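1. Okay, predicted coordinates and the sequence, questions at the end:
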Amino acid sequence: MDASGKIDQFCKKLEVLTQEISQTELGLRPVNGQTGIPFLGMLYRAALELYCTDPGCAAVLERLFTQAESQDLQRVLTEASENDIQILGDFAETFMAAGKAADAAKLFQFLILLSPRNIPNPYAYLRLAEALSTLNIDMGSQLYDFILNIFPDNPSILFSAGRCYYENERPKRALRVLAHAKEICERHSESNAEFREFLDVITPELDKVQSECDVKK
């Protein structure tokens, strides 16, 4: 089977899995006989076609395609490795760097499906939200509302979400999120240099938002 045929088969399995999750786990039902599943299928297909243009990414996908032929797809996605995410993520980053946020969003949309050890990957969600925010600030803001339910204490996501909310004229929401990010970094700053360094990034942004909120009081 050629790459196109393998993508077709994989996307059909993805569509079934997405439908099952939306109905059984999220409790979502079709509205007027319509769901967003076919649209997601189109996005996944476009992402896979882009990934297959890169030899390293194509090798990762070939393994996933082969595993999906004989294994439950959800298991295949949870058995993907951090290295797989890095390879696919590095390729997606080239589109962000080139200013092709729409293509990057498609790639990161697929990447969030991979969850090694059944743990959602914060990097993929963060970069998807940033790509979508570049395309449409309202859409990005709505995605952050969802993502923060998954990663409520991740400073990088909190910081990025705070900036998005601020740009989307939601300064009070931005203030709460950035203050929480600062609190987390302060809590762990003594034992982790990375948190101490991140404080220097968060604090000026928090001060800027705080000043705007004070002016509007």
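-> Perfect, thanks for sending it.
2. ok, and the helix or strand in this protein with the lowest average confidence?
-> helix 37-51 (a mean of 82; mean pLDDT, DSSP states H and E).
3. Could I get the full set of helices for this structure?
-> In the chain, the helices defined using DSSP state H lie at 3-20, 37-51, 55-70, 73-78, 82-97, 101-111, 122-135, 137-150, 155-167, 171-188, 193-216.
4. what comes up buried for the shortest one?
-> It refers to helix 73-78. For helix 73-78, a neighbour-count test (16 or more other Cβ atoms under 10 Å) marks 73, 76, 77 as buried. In short, each C-beta sits where N, CA and C put it, glycine included.
5. Export these as CSV, with columns for pLDDT.
-> Formatted as CSV, the buried residues of helix 73-78 follow (pLDDT from 0 to 100):
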residue, pLDDT
73, 92
76, 95
77, 94
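6. Including distance to residue 180, could those go into TSV?
-> Output for these, formatted as TSV (distance: Cβ to Cβ, whole Å):
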residue	distance to residue 180
73	35
76	35
77	30
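7. tell me the mean pLDDT over stretch 3-10?
-> Stretch 3-10 carries an average pLDDT of 88.
8. re the thing from before, select from the helices of the chain the stretch with the lowest mean pLDDT.
-> Among the helices of the chain, helix 37-51 scores lowest, with a mean of 82.
9. what does that helix rub up against?
-> 7-8, 10-11, 14-15, 18-19, 22, 57-58, 60-61, 88, 91, 103, 106-107, 109-110, 113 (Cβ atoms under 8 Å, 6 or more residues apart in numbering).
10. Put the alpha carbons of it into CSV.
-> C-alpha atoms of helix 37-51 as CSV (Å, rounded to 0.1, in the frame of the first residue of the first chain):
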residue,chain,number,x,y,z
ILE,A,37,-15.4,14.8,13.1
PRO,A,38,-15.2,14.9,9.3
PHE,A,39,-13.5,18.3,9.6
LEU,A,40,-11.0,16.9,12.1
GLY,A,41,-10.4,14.1,9.7
MET,A,42,-9.5,16.5,6.9
LEU,A,43,-7.0,18.3,9.3
TYR,A,44,-5.4,15.0,10.3
ARG,A,45,-5.1,14.0,6.7
ALA,A,46,-3.5,17.3,5.7
ALA,A,47,-1.1,17.0,8.6
LEU,A,48,-0.1,13.5,7.7
GLU,A,49,0.5,14.4,4.1
LEU,A,50,2.8,17.2,5.2
TYR,A,51,4.7,15.0,7.7
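11. got the angle for it vs helix 55-70?
-> Here helix 37-51 runs at an angle of 130 degrees relative to helix 55-70 (axes from the mean of the first three to the mean of the last three Cα atoms, to 10 degrees).
12. Helix 37-51: which residues count as buried?
-> 37, 40, 41, 43, 44, 45, 46, 47, 48, 50, 51.
13. before we move on, what about stretch 130-142?
-> Buried-residue list, stretch 130-142, by 16+ other Cβ under 10 Å: 130, 131, 132, 133, 134, 140, 141.
14. which residues sit in contact with the third one?
-> In this case it means residue 132. Contacts for residue 132 (Cβ under 8 Å, 6+ apart) come out as 101, 105, 139, 140, 143.
15. so the first one makes contact with residue 137?
-> Pointing back at residue 101 there. No - Residue 101 lies out of contact with residue 137 (Cβ atoms under 8 Å); the separation is 12.0 Å.
16. Tell me the spacing between the closest residue to residue 60 other than its chain neighbours and residue 132.
-> Residue nearest to residue 60 in three dimensions, not counting chain neighbours: residue 84, with 5.0 Å by Cβ to Cβ, 6 or more residues apart in numbering. Taken as Cβ to Cβ, to the nearest Å, the spacing of residue 84 relative to residue 132 amounts to 23 Å.
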